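Colleague: model the following, please.
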Amino acid sequence: MLHRLEFLDLQAFILVAELGSFHEAAQRLHLSQPALSRRIQKLEELLEIELLERTTRRTRLTPIGTDFLPRARRMIEEYESSILGIRELATHQKGTVTIACIPTAAFYFLPSVIRGFSEAWPGIRIRILDVSAKEGLEKVISGEADFGINMFSAQSPEVSFTPLLRDPFVLALRSDHPLADKSRIEWSDLEQVRLITVSRDSGNRMLLDNTLSAEGIRLNSFYEVQHLSTSLGLVESGLGVAILPKMTMPGPDHDTLCSRELPEPRIQRTIGLVRSNSHSISSTAQLFIDMLLEHWGGSICS
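Modeller: Okay, here's the model as predicted:
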């Protein structure tokens, strides 16, 4: 079967899956839609599975297509790596490092390391998958990502975790909010204000809810959003306050937003490096990990 699997068929499947559209994928590949459909059909017949569900309005992956997508990407990357040449890979002149990273940590951890890494190995591409903690864990386990930067709470027996930084939660509010003038914030101060929270399936929200519930603290969760950046936008608009990881806050010179320490019980998350226990790390990815640990490995405090 493998000798009948064609590179262009895999490439066509990946592009349709990513774009969710045969029309757009055909334009990108400079193919007619019938020609693209034949490639997908040939791949499905070869594998004896249905990879895509097609309707008049949209195209989406079947469950088995979702499972096959990261495998297909790895096959393409391995093929491209072989074309680049063994010597270039061995000397790290070419290659790709894929990192599954929660968005807030992507801003905080990666830019300085990427800058130094790109100066040392300019031919190696960096692919960042900025996703939720749960998605990031799945991408490391599936092998779609070489490694991840994630929260300690997002763990599995299938991965190992190396702590990098403890990130305390703070109260985010406007500089002109009445609570901004207080030298010390108490939980009772927050009972009557409107709290902006992220969705309940968020790792940050679960950590917050579990800590407060254990202490019998009840707050007025009035607005709910999907992303921490959205909650900051609502805070800036004056709609309420938010309890967020300190890492998400803008710098102290921000014109509108500020943060205040929270009282006991202290809420904090541990951010660290996540590696699969079943997939080996490529030498290229290991170079990045070594630089990351050199830069951030001493940040964790006891």
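Colleague: which residue ranges form the helices in the stretch 151-300 of the chain?
Modeller: 203-214, 228-236, 283-296 (DSSP state H, counting those that start in this stretch).
Colleague: identify, out of those, the most deeply packed stretch.
Modeller: Greatest average neighbour count among the helices of the stretch 151-300 of the chain goes to helix 228-236 (a mean of 19), per mean count of other Cβ atoms under 10 Å. C-beta coordinates here come from the backbone N, C-alpha and C atoms, glycine included.
Colleague: list the contacts of that helix.
Modeller: 103-104, 172-174, 196-198, 204, 223, 225, 240-242, 244-245, 248-250, 256-257 (Cβ atoms under 8 Å, 6 or more residues apart in numbering).
Colleague: PyMOL command for the buried members of the residues you listed?
Modeller: For the buried members of the contacts of helix 228-236, the matching PyMOL selection, counting by 16 or more other Cβ atoms under 10 Å, is:
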select buried, resi 103+104+172+173+174+196+197+198+204+225+240+241+242+244+245+248+249+257
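Colleague: pipe the helices of the stretch 151-300 of the chain into a markdown table and attach mean pLDDT per row.
Modeller: Below are the helices of the stretch 151-300 of the chain laid out as a markdown table (pLDDT from 0 to 100):
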| stretch | mean pLDDT |
| --- | --- |
| helix 203-214 | 87 |
| helix 228-236 | 92 |
| helix 283-296 | 88 |
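Colleague: so which of the ones you listed gets nearest Asp146?
Modeller: Nearest to Asp146, of all those, is helix 283-296, at 3.7 Å by Cβ to Cβ.
Colleague: residue ranges with poor pLDDT in the chain?
Modeller: Screening the chain residue by residue with the criterion pLDDT under 70, one finds the ranges 1-4, 81-94, 153-155, 298-302.
Colleague: what is the longest helix along it packed up against?
Modeller: As assigned by DSSP state H, the longest helix anywhere in the chain is helix 63-84. Taking 3 or more Cβ pairs under 8 Å, 6 or more residues apart in numbering; DSSP states H and E as contact, the helices and strands that helix 63-84 lies on are helix 7-19, strand 95-101, helix 133-142.
Colleague: now do the strands in the stretch 51-200 of the chain.
Modeller: Secondary structure of the stretch 51-200 of the chain (DSSP state E, counting those that start in this stretch): strands located at 52-54, 59-61, 95-101, 124-130, 147-151, 159-174, 195-198.
Colleague: distance of Val274 relative to Gln268?
Modeller: From Val274 over to Gln268 the distance is 18 Å, taken as Cβ to Cβ, to the nearest Å.
Colleague: related to what we said a few turns ago, and the angle for the longest helix of the chain with strand 124-130?
Modeller: 160 degrees (axes from the mean of the first three to the mean of the last three Cα atoms, to 10 degrees).
Colleague: so for helix 63-84, what gets flagged as buried?
Modeller: For helix 63-84, the neighbour count (16+ other Cβ under 10 Å) marks 65, 68-70, 72-73, 75, 81 as buried.
Colleague: tabulate those (TSV), appending distance to Arg39.
Modeller: Output for the buried residues of helix 63-84, formatted as TSV (distance: Cβ to Cβ, whole Å):
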residue	distance to Arg39
Gly65	15
Phe68	15
Leu69	16
Pro70	20
Ala72	13
Arg73	17
Met75	15
Ser81	23
